[in-house]
Structures are given as C-alpha cells and as structure tokens.
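Colleague: My questions concern the predicted model and sequence given below.
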Amino acid sequence: MARQITKSISEIAVIILVIAAIWYVFKILTFGSLSESDTKFWGDVSNVLLIVSAVLVATGLIGEWPESHSWKRRSLYKAAKYAVVIGVAGELLADAGVFKAGDRLQEIDGTAIVAANKRAADAQEALLKYREPRSRELARHKQAVIDALSHFPNTRFDTGLDHQSGEEADFLRALSATLKTAGWQHIPWDIGGTWPWLLLNVQTDFPLSAPIAAINVEIHVHADERTTLNPAASALIKALNDAGISCTDAGDQAQSINKNTIHIWIGEKR
C-alpha cells in the first residue's frame, strides 16, 4: 500500500514537472518580445533554475555513487537517479532561458544605442541649423520667397533691428534685397521726430532702422491697417517659415508712424 502511494506521488510529481517544463519552454519563446525589466526578471529566474538544477545533479550523483546492492534497493537511490534526470533537464531549460534573455537584452541595448545615436545626430543637426546664419538660409530659398511675395507688389515695409550681432544685420540686408526684388518698397523707420541717435544705419544708402528688442523675426501691423496688409504680412510670415526662418505675427507694438506699412523686427535667432 505504501509503495503504491509512493508510486502515485512520484507519477504526479513527474507530470507536474513535465507540465512546468513545457510551460517554461513556451515562456522562453516569448522572451523576444519582453520589456527590459521583464527580461532581466526572467533572466534571473533562469539563473536561479540553473543553480538549483546543478545542485540536484550534484546531489543525485552523490546518491548514485555507492555501489552496494542494499543501497541501490533503497528509495533514496531511486530519488537520486530522478534528481540527476530532473537536474539535467532543468539545466538545459535554464541555459536556454539565460541565452534567450541575454540575446533579448543585447537587442534592447542595440535599439537603445541606435535611438541614442539618432538623438545625438538630430541634436547635432539642430545645432548646425541654429548656428547657420539666416542670410544663408534665405539665400537657399530666395526664389521661393520672391515668388510668394511678388503677388503683393509695392507693399511698403520698414525695419527694426535688435543689433545684438552681425548675423542680424547681415540677415536684414539680405531680407531687404529679397523683398525689393519681389517688388516691395523699403522705407526708413519714422518715429515722428528728428532723433538720429535713436535710429540705426546698417550700411550707406540703406533705409534707417529702429533699435528694438525682439526674438527671431517679428511682423507688426497697425490694427487699423490689418484688413489691407494682412494678406501680404501672412504671405511673408509663411514664406520665411517655409525657408526655415522663424517668423511670427507679433501684433501691433511698432512705434513707427509710417502708414500702410508692414513693420519687420529682426531679433536674435533662437
């Protein structure tokens, strides 16, 4: 009776171990889609299983070592043989789990490296774009800007300059020349008085500009002239943005008394 109970328990244990082994095999097959944290967890589980399996094999081999017939008839000897078989099977599964988890972590690291390299390349590209003078950006898209703005001939504009760097002055000269080629008219900034020390002259025979505080390119239009000038102002904003030059509608903050005029403020590039 006791032997039958022992045999039944052994058979149940074997069935449970076989089911567990089959489940673990299918689990290993999913390692390729696990997240980094889940992969590390199952990698640790596989390492623990490997250690436990090695202990089982070692214990089983010790149990099989005695050569006496009386020992070989004992249940412990049979248990030792089972331990060796289970331990070897466990080592095979654990090795597969460790290697599969390692491959997945390498794949994740590789993906992370590729993503990091892409971010670095994007940052480098953004830095180069930031450092590139706007006059050069405008030169590459000059004809497109002219084509977009030539639909509004004789549009008057004056300019304000943040005068923080030569880059701003160079861009002002390039933009003025481009707009005049499109048929626009560059007129001097007028504040309603003779205050020459309050105005800037970026070069000889160039319309005077106002010293202003601005970021990137700002377009100002007096509120009572919006209906008339909005189409040309909107086209200018779009053309510059399409050329990669940041330009915004800044409302009506210009102090110039010039009428029917678009006021273009050029500030630091950001």
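Modeller: Nice, I can see it.

Colleague: in the strand or helix carrying Val45, what counts as buried?
Modeller: Val45 is part of helix 36-64, with elements assigned from DSSP states H and E. Judged by neighbour count using 16 or more other Cβ atoms under 10 Å, the buried positions of helix 36-64 are Thr39, Trp42, Gly43, Val45, Ser46, Leu49, Leu50, Ser53, Leu56, Val57, Gly60, Gly63. (C-beta placed from N, C-alpha, C; glycine too.)

Colleague: Equivalent analysis for stretch 225-233, please.
Modeller: Leu229, Ala232, Ala233.

Colleague: May I have the predicted confidence score for the first one?
Modeller: Leu229 carries a pLDDT value of 96.

Colleague: residues touching it, list them.
Modeller: Thr155, Val221, Asn260, Thr261, Ile262 (Cβ atoms under 8 Å, 6 or more residues apart in numbering).

Colleague: And it, how close does it get to Ala121?
Modeller: 41 Å (Cβ to Cβ, to the nearest Å).

Colleague: returning to that earlier point: PyMOL command to pick out the buried ones of the contacts of Leu229?
Modeller: Listed next is the PyMOL selection for buried residues among the contacts of Leu229, using 16+ other Cβ under 10 Å:
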select buried, resi 155+221+261+262
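
Colleague: ok, so of the contacts of Leu229, who is nearest Gly90?
Modeller: Among the contacts of Leu229, Val221 lies closest to Gly90 (Cβ to Cβ), at 78.8 Å.

Colleague: Ramachandran coordinates for the closest one?
Modeller: Main-chain dihedrals, Val221, degrees, to the nearest 10: phi -140, psi 130.

Colleague: any weak-confidence spans in the stretch 101-250 of the chain?
Modeller: 123, 125-130, 192-204 (pLDDT under 70).

Colleague: One more pass at 90, please.
Modeller: Within the stretch 101-250 of the chain, the ranges that satisfy pLDDT under 90 run 101-132, 161-166, 169, 189-213.

Colleague: where along it do the strands fall?
Modeller: Taking DSSP state E, counting those that start in this stretch, the strands of the stretch 101-250 of the chain run over residues 156-161, 185-186, 210-211, 217-220, 247-251.

Colleague: mind putting those strands in TSV, mean neighbour count and distance to Ser135 included?
Modeller: Shown next, in TSV, are these (neighbours: other Cβ atoms under 10 Å; distance: least, Cβ to Cβ, whole Å):
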stretch	mean neighbour count	distance to Ser135
strand 156-161	23	14
strand 185-186	16	16
strand 210-211	16	20
strand 217-220	23	12
strand 247-251	16	14
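
Colleague: Of these, which is nearest Ile22?
Modeller: strand 247-251 (64.5 Å).

Colleague: Can you name the residues in contact with that closest one?
Modeller: So strand 247-251 is contacted by 214, 216-221, 233-234, 236-237, 240-241, 265 (Cβ under 8 Å, 6+ apart).

Colleague: The helix or strand following it vs strand 247-251, what angle?
Modeller: Remark: after strand 247-251, the chain's next helix or strand is strand 261-266, criterion DSSP H and E. Orientation check (axes from the mean of the first three to the mean of the last three Cα atoms, to 10 degrees): strand 261-266 against strand 247-251 gives 120 degrees.

Colleague: And strand 261-266, what does it pack against?
Modeller: The elements that strand 261-266 packs onto, with contact taken as 3 or more Cβ pairs under 8 Å, 6 or more residues apart in numbering; DSSP states H and E, are strand 156-161, helix 166-181, strand 217-220, helix 226-242.

Colleague: Just want the angle from it to helix 226-242.
Modeller: 30 degrees.

Colleague: Neighbouring strands of strand 261-266 in the sheet, and parallel or not?
Modeller: strand 156-161 (parallel), strand 217-220 (antiparallel) (DSSP bridges).

Colleague: Now do the shortest one: everything it contacts.
Modeller: It refers to strand 217-220. 233, 236-237, 240, 245-254, 262-267.

Colleague: Go again with 10 Å.
Modeller: The contact list for strand 217-220, computed with Cβ atoms under 10 Å, 6 or more residues apart in numbering, reads 134, 157-158, 160, 162, 168, 171-172, 175, 212, 214, 229, 232-234, 236-237, 240-241, 245-256, 261-267, 269.

Colleague: Using CSV, list the CA coordinates for it.
Modeller: Presented in CSV, the C-alpha positions along strand 217-220 are these (Å, rounded to 0.1, in the frame of the first residue of the first chain):
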residue,chain,number,x,y,z
VAL,A,217,11.6,87.7,-36.8
GLU,A,218,8.5,89.5,-35.7
ILE,A,219,5.9,91.1,-38.0
HIS,A,220,3.9,94.1,-36.7
